[in-house]
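A.B. asks: What follows is a predicted protein model with its sequence.
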Amino acid sequence: MDLDFSAEQVEFREQVRTWLAEHAPKGERPTDFAAVRQFDLEWQRTQFEGGWAGIAWPVEYGGRGLSLLEQLIWFEEYARAGLPSMDANFVALNHAGPTLIARADDAQKARHLPPILRGEVIWCQGFSEPGAGSDLASLRTRAEVDGDHLVVTGQKIWTSHAHIADWQELLVRTDPDAPRHQGISWVICDMRSPGIDVRPIETMDGEQEFCEVFYDEVRIPMSNVVGAVNDGWSVAMSTLSFERGTAFTANQVALAVTVEKLIARAGKIPGPSGSGTALGDEEIARRLATARAEVAAMRAMTYLGVSRSARDGSPGAEGSIVKLYYAETEKKVSRLAMDLAGLAGLEMTTRFDGDGWSGKYLQSYASSIGGGTSEIQRNIIGDRVLGLPR
């Protein structure tokens with residue numbers, strides 16, 4: 001097995017690094033959500049016009065048609081440049097788009113994929129419900145067939161960027177009498193449809209990215225069903241495989257960069273005993289070394305997953321290993337950062353250029369919830385990877 005990058009891939013990395021250095025957005029990303037929408041869409045448009053949108057997407061829909069390895073290189077350099085990986089385009093680029101490529105019909109692909117890459121639309125995800133979060137098969141939002149439309153009634157929660165989204169990947173129950181994992185459909189929902197009510201939720205880190213979405217007899221054309229009616233569970237598993245596979249690569253690289261910053265910082269601040277630096281403290285040095293080793297192991301697992309995806313055509317259940325490992329590692333690294341910062345770390349900020357890291361620490365707990373809780377990931381690993389009895 002050749003684990004080295006080819007000369008062409010090394011050149012591709014240099015091209016990515018150079019282009020990002022010359023074209024990355026200047027200044028801070030805004031916090032007002034109307035401004036966030038404009039900022040993120042303009043940045044996506046810049047990538048498209050520069051030929052860097054949809055690295056591994058089909059050429060006929062605006063992508064470059066390259067391999068997942070080139071996409072991985074793009075994610076790595078993007079993270080090293082310090083650019084936001086979890087922006088308002090995340091669902092469109094990493095959930096909806098890949099799912100449509102894998103499962104949608106030609107008309108759905110032609111309509112929805114190019115606008116995503118051109119930076120014209122924002123997507124959100126309508127999966128979780130108050131009584132069906134990680135237990136997704138328990139969803140109750142229902143859709144009744146009425147001629148050539150589905151009529152949707154119900155509620156979704158924890159829907160990121162729903163208040164600025166144009167489209168939604170929505171899971172609904174179309175056959176209430178079918179077994180739990182059947183009778184579900186994956187549909188494309190126009191967020192401007194009559195009967196949709198979006199309400200932002202303020203989280204403990206002070207952000208209002210998440211929303212509740214209520215549906216009161218919302219009419220969705222049957223032509224918006226991806227795959228087949230009542231086959232949505234299969235389509236949803238494709239979506240979650242992409243989310244748990246390569247989608248968080250940039251976050252992983254950013255976490256590795258954070259660990260290196262913590263090591264540098266520990267070499268400059270006093271240790272807990274009051275003598276020497278924090279890096280000279282045996283326990284802190286052990287935790288930092290462990291963190292560096294764990295992010296390196298996570299990168300190796302991601303490379304393995306990309307290789308398997310390139311061979312098999314889509315991510316497998318192994319993505320849950322990466323998802324679980326990333327969530328737990330991010331929490332440990334954020335806790336380590338807080339311990340290094342001491343009392344000054346209680347300042348509410350997500351920036352690393354000071355002592356205040358409490359916002360980042362609180363936010364880290366979302367990693368073990370979003371995209372399926374760590375408990376659910378362990379169940380998936382035991383069932384589908386290890387073959388353990390239920």
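C.D. replies: Cool, the structure landed. Remember, it's a predicted structure, so these values are computed and weren't measured experimentally.
A.B. asks: Show me the strands in the stretch 151-300 of the chain, by range?
C.D. replies: 167-173, 184-190, 196-201, 210-221, 225-226 (DSSP state E, counting those that start in this stretch).
A.B. asks: Figure out which of those strands is closest to Thr302.
C.D. replies: Closest approach to Thr302 among the strands of the stretch 151-300 of the chain (CB to CB): strand 167-173, 23.5 Å. Every residue, glycine included, has its C-beta placed from N, CA and C.
A.B. asks: which helices and strands does the closest one pack with?
C.D. replies: On a contact count with 3 or more CB pairs under 8 Å, 6 or more residues apart in numbering; DSSP states H and E, strand 167-173 meets strand 123-126, strand 142-146, strand 149-156, strand 184-190, helix 232-244.
A.B. asks: ok, 7 Å please
C.D. replies: strand 123-126, strand 142-146, strand 184-190, helix 232-244 (3 or more CB pairs under 7 Å, 6 or more residues apart in numbering; DSSP states H and E).
A.B. asks: and the residue lying closest to Tyr365 once chain neighbours are set aside, what element?
C.D. replies: Among residues not flanking Tyr365 along the chain, Lys331 sits closest, at 6.5 Å (CB to CB, 6 or more residues apart in numbering). Per DSSP states H and E, Lys331 falls inside helix 319-341.
A.B. asks: Put together a markdown table for the strands of the stretch 151-300 of the chain, with distance to Pro272 and mean neighbour count on each row.
C.D. replies: Shown next, in a markdown table, are the strands of the stretch 151-300 of the chain (distance: least, CB to CB, whole Å; neighbours: other CB atoms under 10 Å):
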| stretch | distance to Pro272 | mean neighbour count |
| --- | --- | --- |
| strand 167-173 | 48 | 26 |
| strand 184-190 | 52 | 24 |
| strand 196-201 | 38 | 15 |
| strand 210-221 | 37 | 18 |
| strand 225-226 | 54 | 25 |
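A.B. asks: between those, which gets nearest to Thr290?
C.D. replies: Using CB to CB, these put strand 210-221 closest to Thr290, at 31.7 Å.
A.B. asks: re the thing from before, what's the most buried one of the helices and strands packed on strand 167-173?
C.D. replies: strand 123-126 (a mean of 28; mean count of other CB atoms under 10 Å).
A.B. asks: For it, what does the pLDDT average out to?
C.D. replies: Mean pLDDT, computed over strand 123-126, is 96.
A.B. asks: same check, this time on stretch 148-168
C.D. replies: Averaging pLDDT residue by residue across stretch 148-168 gives 96.
A.B. asks: Check stretch 327-342 too.
C.D. replies: Stretch 327-342 carries an average pLDDT of 89.
A.B. asks: starting at the chain centroid, how far to that stretch?
C.D. replies: Mean-position distance between stretch 327-342 and its chain equals 20 Å (CA atoms, centre = their mean, to the nearest Å).
A.B. asks: who touches His112 in this structure?
C.D. replies: Leu100, Ile188 (CB atoms under 7 Å, 6 or more residues apart in numbering).
A.B. asks: so how far is Ile73 from the residue nearest to Glu294 when sequence neighbours are not counted?
C.D. replies: Nearest residue to Glu294, sequence neighbours excluded (CB to CB, 6+ apart): Thr329, at 5.0 Å. Look at Thr329 and Ile73: by CB to CB, to the nearest Å, they are 22 Å apart.
A.B. asks: So what's the residue count around His95?
C.D. replies: By the measure other CB atoms under 10 Å, the count of residues near His95 is 22.
A.B. asks: and it, helix, strand or coil?
C.D. replies: Following DSSP: H, G, I helix; E, B strand; the rest coil, the label given to His95 is helix.
A.B. asks: Run through the stretch 101-250 of the chain and note the low-pLDDT ranges.
C.D. replies: 133-134, 204-206, 239-248 (pLDDT under 70).
A.B. asks: Helices of the chain, start to end?
C.D. replies: All helices of the chain, identified by DSSP state H, fall at 7-23, 33-49, 68-80, 90-91, 97-103, 106-117, 232-244, 249-266, 282-312, 319-341, 358-364, 374-380.
A.B. asks: what does the model give Ser324 for pLDDT?
C.D. replies: Not quite, residue 324 is Leu, not Ser. 88.
A.B. asks: Kindly tell me how buried it is, as a neighbour count.
C.D. replies: By other CB under 10 Å, neighbour count at Leu324 equals 22.
A.B. asks: For His181, see how far away it is.
C.D. replies: Distance from Leu324 to His181, by CB to CB: 22 Å.
A.B. asks: which residues touch the helix holding Lys331?
C.D. replies: Taking CB under 7 Å, 6+ apart as the rule, helix 319-341 contacts 241, 244-245, 248, 251-252, 255, 258-259, 262, 265-266, 269, 278, 287, 291, 294-295, 298, 301-302, 305, 345, 355, 357-358, 360-361, 364-365, 367-368, 371-372, 374, 377-378, 380-381, 385.
A.B. asks: filter the residues you listed to the buried ones?
C.D. replies: 241, 244-245, 248, 251-252, 255, 258-259, 262, 265-266, 278, 287, 291, 294-295, 298, 301-302, 305, 345, 355, 357-358, 360-361, 364-365, 367-368, 371-372, 374, 377, 380-381 (16 or more other CB atoms under 10 Å).
A.B. asks: so can I have CSV of the strands of the stretch 151-300 of the chain showing distance to Thr99?
C.D. replies: Converted to CSV, those look like this (distance: least, CB to CB, whole Å):
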stretch, distance to Thr99
strand 167-173, 7
strand 184-190, 8
strand 196-201, 21
strand 210-221, 17
strand 225-226, 7
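A.B. asks: Tell me which of those strands sits nearest to Gly274.
C.D. replies: Once the strands of the stretch 151-300 of the chain are compared by CB to CB, strand 210-221 is nearest, at 42.4 Å.
A.B. asks: Report all helices and strands that the closest one contacts.
C.D. replies: By 3+ CB pairs under 7 Å, 6+ apart, strand 210-221 packs against strand 149-156, strand 196-201.
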